[in-house]
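Trainee: Sequence first, then the predicted structure:
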Amino acid sequence: MTRNTDVLVVGGGATGAGIARDLALRGVEVTLVERGGLASGTSGRSHGLLHSGARYAEADEVGARECIEENRILRHIAGECIRDTGGLFVQLEGDDPGYFDAKRAACEDIGIPTETLSGEEIRAEIPDLSAGVERVMKVPDGVVYPSRLVAANAADARDHGATILTDAPVEGMRVEGGEVVAVAVGGSVDDTIEATHVVNAAGAWAGELGEMAGVDVELRPTKGVMVSVDYEGLGPVLNRARDPEDGDIVVPHDGEVVLGTTSVEVDDPDDYPQDAEEVVAMREECGKMLPAVADAEQRRVWWGVRPLYAPDEDSRGGARGISRGFFVLDHAEEGVENLTSVVGGKLTTYRQMAEATADRVCDRLGVEAACETAEKRLPGADDPEQLDRFVAAFGEAQPTDEDVVRGRADD
């Protein structure tokens with residue numbers, strides 16, 4: 001029996017779940033399909049950094065402003081889906097002091113709060129920091145628990161009439177008369193879905209989905225490794241104050257820290273080498289900021305794949321670490337009137353990506369309702385146990401935050 005919906009969203013990461021929530025709150029009938037459990041792609045396999053925008057401030061003012069705006073919104077709406085840790089940009093001996101100064105000046109221009117401390121002052125707060133730390137800049141970074149964030153968005157979408165389908169891989173699309181007229185979905189659904197509009201929010205797999213509809217979504221996926229090790233007591237996120245390179249972020253969890261990350265282009269987001277040398281490099285490089293992590297007991301290792309938009313990467317000459325903006329692609333010019341793709345971006349800006357996509361879809365559908373997601377708090381935001389029940393209902397905790405979510409479930 002064929003299913004029908006106004007909007008079909010393909011992809012159950014943060015952006016897809018955010019789009020489903022946004023549309024449902026505007027009264028649009030929406031169905032979301034995800035081939036695995038929610039957040040099982042890029043969102044749940046990230047380092048979980050809630051960006052303040054400082055990482056991008058001197059290189060991309062627009063991207064940095066997006067980050068600080070969404071950082072503040074998430075602190076308001078997301079509750080226990082995030083952790084307010086603060087962050088440090090750490091200048092070590094041999095690091096270019098001009099880079100630090102330029103970043104601090106850019107943050108001040110943008111309105112990202114900063115405070116500069118000497119190495120002696122910060123080691124009084126965090127004694128385990130390297131003796132080579134010359135100075136640090138405090139910024140309002142934090143930590144995102146993506147399993148909770150995605151599940152809470154999906155739960156709110158469901159509570160407002162959306163249908164959320166996991167174990168539901170898209171197996172094909174039929175295009176006739178310049179529109180997607182049917183989407184074949186396998187797995188537990190094993191049915192055809194007909195939709196007035198289709199949104200491709202498949203992340204690193206958006207190119208494959210585009211091929212099914214005969215359109216070109218130009219991606220350049222890159223893998224990155226994350227390594228979680230035992231370490232108790234790190235308060236803030238650590239960022240190395242240098243041009244972005246491998247091993248320049250340390251993200252605190254309860255009793256653990258996550259070390260990241262690499263950036264290596266891959267051909268297939270489902271099949272790529274997972275090199276032990278990358279793990280060793282994370283320990284060595286992050287250990288230059290926090291020496292204890294170099295030899296700490298390893299808890300888990302995972303890789304994620306970023307859905308980078310190839311034309312944007314080409315325009316920057318493939319430069320590492322400059323803000324990855326997001327792009328909402330209307331495929332009408334390619335002959336498919338009712339298909340929209342959203343690519344690129346960061347976990348921190350998922351809600352803004354969802355709003356921009358939902359605005360485009362609502363314009364096509366003639367829906368005039370405004371976005372509410374920047375003000376309306378997520379369900380269960382102040383109840384970690386409820387958030388973890390949402391996670392269980394839509395799949396399971398993903399590698400980024402499985403220690404936190406499972407810990408709560410076992411209490």
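Mentor: Looks like it came in fine.

Trainee: residues contacting the residue nearest to the spatial centre of the chain?
Mentor: Nearest to the geometric centre of the chain sits residue 347, at 2.2 Å (CA atoms, centre = their mean). Residue 347 makes contact with 14, 43, 46, 48-50, 144, 146 under the criterion CB atoms under 8 Å, 6 or more residues apart in numbering. Where C-beta positions appear, they are placed from N, C-alpha and C, glycine not excepted.

Trainee: shaky segments in the chain?
Mentor: Residues of the chain meeting the criterion pLDDT under 70: 315-324, 407-411.

Trainee: Which parts of the stretch 101-250 of the chain are helices?
Mentor: With helices called from DSSP state H, counting those that start in this stretch, the stretch 101-250 of the chain shows them at 119-125, 146-159, 206-213.

Trainee: so how far is the shortest one from its chain's centroid?
Mentor: Centroid separation between helix 119-125 and its chain, computed with CA atoms, centre = their mean, to the nearest Å, is 31 Å.

Trainee: Outside of it itself, list whatever touches it.
Mentor: 88, 117, 129, 131, 133-136, 235.

Trainee: switch the cut-off to 10 Å
Mentor: Applying CB atoms under 10 Å, 6 or more residues apart in numbering, the contact partners of helix 119-125 are 88, 90-93, 116-118, 129-138, 235-236.

Trainee: Per the annotation, how does the chain divide into domains?
Mentor: Following the assignment in automatic domain parsing, the chain carries domains at 3-43+146-219+323-410, 87-139+222-305.

Trainee: Could you report the separation of the residue nearest to residue 339 when sequence neighbours are not counted from residue 196?
Mentor: Leaving aside its chain neighbours, residue 339 sits nearest to residue 331 (4.5 Å; criterion: CB to CB, 6 or more residues apart in numbering). From residue 331 across to residue 196, the span is 15 Å (CB to CB, to the nearest Å).

Trainee: Check residue 239 too.
Mentor: 44 Å.

Trainee: between the two, who's got more neighbours?
Mentor: residue 239 (26 against 17; other CB atoms under 10 Å).

Trainee: Of the contacts of residue 347, which belong to helices?
Mentor: Among those, the members found in helices (DSSP state H) are 14, 146.

Trainee: so which of the contacts of residue 347 comes closest to residue 253?
Mentor: Closest approach to residue 253 among these (CB to CB): residue 48, at 8.3 Å.

Trainee: give the contact list for that closest one.
Mentor: By CB under 10 Å, 6+ apart, residue 48 lies in contact with 82-83, 142-147, 149, 226, 237, 249, 251-253, 258, 260, 347, 398-401, 404.

Trainee: I figured residue 185 hits residue 8, correct?
Mentor: Yes: taking contacts as CB atoms under 10 Å, residue 185 lies within contact range of residue 8: 9.0 Å.
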